[in-house]
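> Please find the sequence and the predicted model below.
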Amino acid sequence: MGKTGRDFTQIYTIYGVDNWQTPLFLLIHAISFAFLSVFFLLYFEPICYFSQHLFPFLGPSSARFAAGFTGSVTALSAVCLFFAAGNIFYSSVSLQWEMGQRMVNAVPDWSTVKHALDLGCGRGILLNAVALQLKKSGSSGRVVGLTPARISGGNGSKITPNTLSTLRTACLEGVEEYVTCRAGDPRTLPFSDNYFDVVVSGVFLHTIGKEFGQKTAAASAERMRVLGEVVRVLKPGGVAVIWDLVHVPEFMQRLHELRMEEIRMSESVLAFMVISHIVSFRKPIQHSVGLSEVRLDWRFNNLC
Ligand SMILES: C[S@@+](CC[C@H](N)C(=O)[O-])C[C@H]1O[C@@H](n2cnc3c(N)ncnc32)[C@H](O)[C@@H]1O
């Protein structure tokens with residue numbers, strides 16, 4: 001049972017584990033390293049004896065040191081690998097659910113929400129958390145999940161996106177009437193200006209511009225472009241809540257430049273073995289500069 005009172009077995013059954021190969025790969029290595037370190041512990045004397053015969057230039061004390069050092073490093077590696085496997089397994093579903101609840105709670109009033117957007121909705125953990133909240137608060141609002149327009153297959157082929165699995169999870173959560181999906185490019189969102197009361201996004205923005213390399217200026221510009229799109233499609237007075245890995249301080253700076261209001265960053269949370277934060281903000285109702293009021297253009301392109 002998680003902190004939010006939800007049975008995690010049920011959550012894992014509904015959503016499965018995304019990229020399950022990664023925690024499995026880490027777990028297999030962790031188990032191998034653990035066996036190896038136990039082997040070193042149980043057969044320490046024979047290993048020292050054997051290494052002295054294999055490498056005659058090693059004296060008895062050097063052989064003991066080498067065996068002890070190798071055994072310790074192996075044990076330490078096993079601990080690190082177990083931790084990484086556990087953290088990635090936990091991050092892939094349970095943590096996403098917990099963070100989804102926190103993100104939903106960061107929106108002060110759901111009863112007035114008519115349109116919400118989940119950017120990069122994936123299997124729909126956050127999407128369904130929003131839909132459950134809309135259902136709970138008796139709102140007539142609906143939530144749209146943005147799915148990729150096209151995904152490149154491993155062999156370079158183009159596969160049309162399948163949003164069915166996302167919609168299926170909504171059915172399993174009993175919120176199918178509140179949810180829909182729309183394919184599109186997050187850099188040019190297929191929605192009009194000032195449309196959404198709420199925009200959310202969970203562990204998605206860091207994937208933008210990856211093709212340029214995570215730390216490059218080009219990737220950062222792409223992420224900022226998507227952030228500009230979030231601001232563009234938000235209604236004045238609307239709230240956005242974004243949970244992301246690594247780049248949140250960069251988002252904070254940009255949101256200040258865009259003169260958003262009530263910008264808040266959560267404490268750090270270890271997710272997928274890196275630091276993550278939730279950032280929330282409100283789009284101002286209006287901006288006044290000097291004597292006359294001006295409507296700002298939120299598009300990133302116009303600001304460079
Ligand atoms: C880590 S998952 C997000 C998980 C999701 N927030 C949830 O709560 O289940 C990232 C998702 O972004 C989606 N994605 C990747 N590129 C995208 C794009 N260009 N537009 C929309 N979604 C995209 C992928 O399908 C992937 O499932």
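Perfect, I can see it now.
> Would you map the helices across the stretch 101-250 of the chain?
Using DSSP state H, counting those that start in this stretch, the helices found in the stretch 101-250 of the chain span residues 125-136, 164-172, 217-233, 248-257.
> got the contact list for the first one?
Contacting residues not belonging to helix 125-136 are listed as 11, 15, 93, 96-97, 99-101, 103-104, 107, 110, 113, 116, 118, 121, 141-143, 145, 166, 169-170, 173-175, 178-179, 198, 200-202 [Cβ atoms under 8 Å, 6 or more residues apart in numbering]. All C-beta spots, glycine's among them, are computed from the backbone N, C-alpha and C.
> Up against the ligand, what does the stretch 51-200 of the chain have?
Neighbours of the ligand within the stretch 51-200 of the chain, by Cβ under 6 Å from any ligand atom: 96, 120-126, 146-148, 185-186.
> go with 8 Å
In this structure, the stretch 51-200 of the chain approaches the ligand at residues 96, 100, 118-127, 129, 146-149, 151, 161, 183-186, judged by Cβ under 8 Å from any ligand atom.
> care to break this protein down by domain?
What automatic domain parsing lists as the domains of the chain is 8-90, 109-303.
> I'd like the ones you listed laid out as a markdown table, including mean neighbour count.
Shown next, in a markdown table, are the domains of the chain (neighbours: other Cβ atoms under 10 Å):
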| stretch | mean neighbour count |
| --- | --- |
| domain 8-90 | 15 |
| domain 109-303 | 18 |
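> which of these has the lowest average pLDDT?
Of all these, mean pLDDT reaches its minimum on domain 109-303 (a mean of 87).
> Give the bridge partners for the closest residue in space to His206 that isn't next to it in sequence, please.
Distances taken as Cβ to Cβ, 6 or more residues apart in numbering place Leu245 nearest to His206, at 4.7 Å, with adjacent residues excluded. Beta-bridge pairing for Leu245 (DSSP bridges): Ser276.
> In this structure Leu245 contacts Ile278, no?
No. If you go by Cβ atoms under 8 Å, Leu245 and Ile278 don't touch, sitting 11.3 Å apart.
> which residue does the stretch 151-300 of the chain bring closest to the ligand?
Gly202 (3.4 Å; Cβ to the nearest ligand atom).
> shouldn't that residue be in contact with Arg102?
No. Counting by Cβ under 8 Å, Gly202 sits too far from Arg102 to count as a contact (10.3 Å).
> shared neighbours, those two?
Joint contacts of Gly202 and Arg102 (Cβ under 8 Å, 6+ apart) are Trp243.
> State the distance from Leu164 to Trp20.
From Leu164 over to Trp20 the distance is 20 Å, taken as Cβ to Cβ, to the nearest Å.
> Please list the residues of the stretch 201-304 of the chain that sit near the ligand.
Within the stretch 201-304 of the chain, the residues that sit near the ligand (Cβ under 8 Å from any ligand atom) are Ser201, Gly202, Val203, Phe204, Thr207, Ile208.
> can you give me phi and psi for the residue of the stretch 1-150 of the chain found nearest the ligand?
Closest residue of the stretch 1-150 of the chain to the ligand, Cβ to the nearest ligand atom: Gly122 (3.0 Å). Torsion angles at Gly122 (phi, psi; degrees, to the nearest 10) stand at phi 50, psi -130.
> quick one: contacts for it?
Applying Cβ under 8 Å, 6+ apart to Gly122 gives the contacts Asp18, Thr166, Gly202, Phe204.
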